[in-house]
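1. Mind folding the following:
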Amino acid sequence: MAKKILRFAHLLVILTPLLLSACWDKVELEERAYVISIGIDKYEANEKKDEDKKDSGKDKKSDEKKGTNELDSEKDHDNIFLVSMSLPDLSSTGKDSGNEDVKSAVGKTIHSAIGSTDGFSGKKLYFGHTKLIVINEEILKDEKLLRETLDAFERNDQVSGRAIVLSSESKAEKILETNPPSESMVGMFVSSFYRSGHNTAGASFKQDLTGIVRELRAKGSTIIPKIELKGKELEIGGGALISETKLNRWLTEDEMRGYLWSKKGKASGTVIEIEKDGTFLPLKVSKHKSNTFFSKTGDTIICQTDIKIDGVLESFIFGENPPDLKNLAKKYESVILSEIANADENINLLEFEFLDEMKKTSSHLYNDYINGEKDIEVAWNVDVRIVRTGNLINSKSIRPVR
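-> Below is the predicted model:
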């Protein structure tokens, strides 16, 4: 036994230098350029010319830092994609300086654009830590370009399927160039936004690359949450409704929240407000459950979604006791039903959400509906329970100010 241990130890001494020298794919860490965020825009030659005129008096170093390739020939104007990538600005020691470096390039394909950007640095681009992909409206409106975009990322074995995907009416390049106040990089800001469960308005949800591809293949539609540049600030809310692999319409924050009530657990953290005697009463959703059932009554299929919500009454009127909580809960239920009806009118939740679910769970009813043998009715049942009315400080424990 002792001899075996000695042999193993001897072998380990021999192999250790070899193992340590083979770092990842033989590319040393300090030789990597870590891509945190990727922005996809449609290249517009005329727009680029206008920007070049404005930037003509800027310092050359500023242009080099941005990394946008020069488009001098007419041939370059045929390029379609403008791909931007944000990378942490690492010092010579390999430590994050707290700044970011946004590089952009154009190409007829995303692959060629990335290849052009790769040429701006001696470091090898690494997508293993990519957290965010932002897709601009002009790409979303073009079925061909959106298909090419999704295909390029799906085939890139370095980009994780868990990378967050956001849509934007603003230029994706401008989004990546924004410095959020709480984070040094946009990708880190978005990742923190969703990781912290920040859903006070209930107007967004986390959508990743795998989820989008899966939904488009299963039902031909999906929703991509939206990020916008408002002045110097970034705002997340609303989304892009994608049908037949192109933009159908933009969803407002209210429509997005109406849709999320039907998605189990997605509305947790949402705050609902009602007005009573000129005062707005906020109810924060602490627990959200949603279940859809399919049944038949005669020649009609019933698609019923039961939504159960536990909430905390965050504030009331100072010096007054809350009214009857059951009656108050009914008012919150009415608000939720109104939001669902509004979302259903603009999204058509039956076609967008429930038919695919019926196909999976009640295939016989789905076949009856598709074959025209039965009609279908959609019903909603909302049950709100106010579990707490907030915490009040005991006045006896408050020391008087002297």
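
2. my guess is T245 contacts D142, does it?
-> No: in terms of C-beta atoms under 8 Å, T245 does not count as a neighbour of D142; the distance is 9.8 Å. Quick note: C-beta positions are derived from backbone N, CA and C, even for glycine.

3. Which strand or helix spans A113?
-> Counting by DSSP states H and E, the secondary-structure element that holds A113 is helix 110-118.

4. scratch that, F193 is what I was asking about
-> Under DSSP H and E, the secondary-structure element containing F193 is helix 186-195.

5. avg pLDDT for the helix holding A113?
-> Along helix 110-118, the predicted local confidence has a mean pLDDT of 83.

6. starting at the chain centroid, how far to that helix?
-> Offset of helix 110-118 from its chain centre (C-alpha atoms, centre = their mean, to the nearest Å): 24 Å.

7. what's next to that helix, contact-wise?
-> Residues from elsewhere that reach helix 110-118, judged by C-beta atoms under 8 Å, 6 or more residues apart in numbering: 40, 67, 69, 79, 81-83, 85, 103-107, 124-125, 148-149, 152-153.

8. Check stretch 146-163 too.
-> Counting by C-beta under 8 Å, 6+ apart, stretch 146-163 makes contact with 40, 81, 109-111, 126-128, 130-133, 135, 139-140, 208-210, 212-213, 216, 242, 245-246, all of which sit outside it.

9. Report the contact partners of I309.
-> Contacts of I309 were listed using C-beta under 8 Å, 6+ apart, and they are A267, V285, K287, H288, K289, Y332, I336, V382, D383, V384, R385.

10. Report the beta-bridge partners for it.
-> Residues in a beta bridge with I309, per DSSP bridges, are H288, V384.

11. any idea how far K284 is from it?
-> Between I309 and K284 the computed distance is 10 Å (C-beta to C-beta, to the nearest Å).

12. cool, E353 as well?
-> With the distance defined as C-beta to C-beta, E353 ends up 25 Å from K284.

13. One more: T389?
-> 12 Å.

14. which residues are in contact with both of the two?
-> Residues touching both T389 and K284 comprise V312, with contact defined as C-beta under 8 Å, 6+ apart.

15. Pull out the buried residues from stretch 132-151.
-> Neighbour-count burial for stretch 132-151, with 16 or more other C-beta atoms under 10 Å as criterion, is recorded at 132-140, 142, 145-146, 148-150.

16. whoops, I mixed them up, stretch 112-130
-> Using 16+ other C-beta under 10 Å as the test for burial, stretch 112-130 gives S112, A113, I114, S116, T117, D118, F120, K123, L125, Y126, F127, T130.

17. Equivalent analysis for stretch 359-376, please.
-> Neighbour-count burial for stretch 359-376, with 16+ other C-beta under 10 Å as criterion, is recorded at K359, S362, L365, Y366, D368, Y369, K374, I376.

18. between these, which is closest to S204?
-> Using C-beta to C-beta, the shortest approach to S204 within the buried residues of stretch 359-376 belongs to K359, at 27.3 Å.

19. pretty sure that closest one is touching L365, no?
-> No: at 9.3 Å, K359 and L365 do not qualify as touching, with contact defined as C-beta under 8 Å.

20. pLDDT below threshold where in the chain?
-> Judged against pLDDT under 70, the low-scoring parts of the chain cover residues 1-30, 46-79, 90-100, 118-122, 181-184, 197-202, 317-323, 390-402.

21. which residues in it form helices?
-> Ranges of helices within the chain are 2-21, 45-55, 60-66, 110-118, 137-140, 143-155, 172-177, 186-195, 209-219, 253-260, 325-347, 349, 355-361, 363-370, based on DSSP state H.

22. To E235, which of those helices lies closest?
-> helix 253-260 (9.6 Å).

23. Next, the angle helix 325-347 makes with that closest one.
-> Taking axes from the mean of the first three to the mean of the last three C-alpha atoms, to 10 degrees, one finds that helix 253-260 is oriented at 100 degrees with respect to helix 325-347.

24. can you dump the C-alpha coordinates of helix 253-260 into CSV?
-> What follows is helix 253-260, C-alpha atoms only, in CSV (Å, rounded to 0.1, in the frame of the first residue of the first chain):
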residue,chain,number,x,y,z
GLU,A,253,-45.1,47.7,-19.1
ASP,A,254,-48.8,47.3,-18.2
GLU,A,255,-49.3,44.7,-21.0
MET,A,256,-46.2,42.9,-19.9
ARG,A,257,-47.5,42.7,-16.3
GLY,A,258,-50.9,41.4,-17.5
TYR,A,259,-49.1,38.6,-19.4
LEU,A,260,-46.9,37.7,-16.4
